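Colleague: sequence unavailable; structure follows:
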Ligand code: PGA
């Protein structure tokens with residue numbers, strides 16, 4: 001089993017002082033530990049420097065990630081933040097194609113593909129989200145939907161580019177709802193995604209690709225999800241806003257690795 005990857009997606013939460021406290025609490029909890037689990041924190045852009053300042057230190061236990069970037073390279077796009085800017089701040093990861101961006105900001109697979117290209121050009125690892133709506137699952141179309149998202153946003157990449165990508169499966173009906181996919185549902189989709197990668201890029205790439213689960217992952221269910229063969233970690237929303245919960249999910253990653 002590969003070491004797990006745990007990514008905290010703060011979304012649009014917390015005023016500055018609370019954000020600062022959260023980072024310090026996480027830092028204190030993880031300090032001096034020999035973690036095998038990799039940890040990425042994705043705060044809102046305005047707090048990025050709080051994370052990059054720590055992430056650049058030699059003994060840091062986490063990396064800095066963004067929640068989004070522009071699909072444009074630079075120029076007159078008021079309010080946008082480019083991949084180049086993120087890279088110049090020391091950001092190493094960036095979430096793309098989150099279902100909230102698809103729903104509220106009209107992001108299509110084509111736009112997501114453009115963002116992925118710009119992130120890779122700037123040496124930032126894209127964490128590419130995919131996942132079906134409840135009605136799509138009920139209609140038995142969930143694998144078809146996810147396949148289309150992956151093919152249209154990722155499969156234009158060369159192998160040398162794709163190997164730097166992380167995929168996050170987030171069933172939309174499980175995000176922020178308290179309703180988690182069962183470990184079996186998560187495993188089924190993760191194995192399916194891995195099979196798509198295998199067909200396109202070969203067995204070694206399929207094995208090496210990190211596929212995270214996201215959607216109401218919490219300290220209670222994290223271990224059962226992480227125990228699944230094809231679940232390489234988690235993309236954590238709500239539970240990443242409390243240091244104790246977030247660190248307990250990291251602990252679940254550590255324990256599962258030790259036991260397997
Ligand atoms: P949640 O969010 O953990 O609050 O369900 C996950 C996500 O949207 O990345």
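Modeller: Arrived safely. From a predicted model like this one, the values you see are computed outputs, not experimental measurements.
Colleague: now the strands for the stretch 151-260 of the chain?
Modeller: 166-169, 211-214, 233-236 (DSSP state E, counting those that start in this stretch).
Colleague: which stretch among those is buried most, on average?
Modeller: The highest mean neighbour count among the strands of the stretch 151-260 of the chain, using mean count of other CB atoms under 10 Å, belongs to strand 233-236: a mean of 28. For every residue, glycine as well, the C-beta is placed using N, CA and C.
Colleague: now it: average pLDDT?
Modeller: For strand 233-236, mean pLDDT rounds to 98.
Colleague: which bits of the stretch 101-250 of the chain sit near the ligand?
Modeller: With CB under 6 Å from any ligand atom as the criterion, the stretch 101-250 of the chain meets the ligand at residues 170, 175-176, 214-217, 235-239.
Colleague: if we go to 8 Å?
Modeller: 129, 168, 170, 174-177, 214-218, 235-240 (CB under 8 Å from any ligand atom).
Colleague: just the buried ones from these, in ChimeraX syntax?
Modeller: A single ChimeraX command selects the buried members of these (16 or more other CB atoms under 10 Å):
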select :129,168,170,174,175,214,215,216,217,218,235,236,237,238,239,240
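Colleague: contacting residues for the residue of the stretch 151-260 of the chain at minimum distance from the ligand?
Modeller: Across the stretch 151-260 of the chain, the shortest distance to the ligand (CB to the nearest ligand atom) belongs to residue 237, at 2.2 Å. Neighbouring residues of residue 237 by CB atoms under 8 Å, 6 or more residues apart in numbering: 9, 11, 175-176, 214.
Colleague: returning to that earlier point: export the strands of the stretch 151-260 of the chain to TSV and append columns for distance to residue 196.
Modeller: Formatted as TSV, the strands of the stretch 151-260 of the chain follow (distance: least, CB to CB, whole Å):
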stretch	distance to residue 196
strand 166-169	10
strand 211-214	10
strand 233-236	19
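Colleague: those strands: which one's closest to residue 113?
Modeller: Residue 113 lies closest, by CB to CB, to one member of the strands of the stretch 151-260 of the chain: strand 166-169, at 13.8 Å.
Colleague: about what we covered before: from the contacts of residue 237, which has minimum pLDDT?
Modeller: residue 176 (89).
Colleague: what residue in the stretch 1-150 of the chain comes nearest to the ligand?
Modeller: Ranked by CB to the nearest ligand atom, the top residue of the stretch 1-150 of the chain for proximity to the ligand is residue 9, at 4.3 Å.
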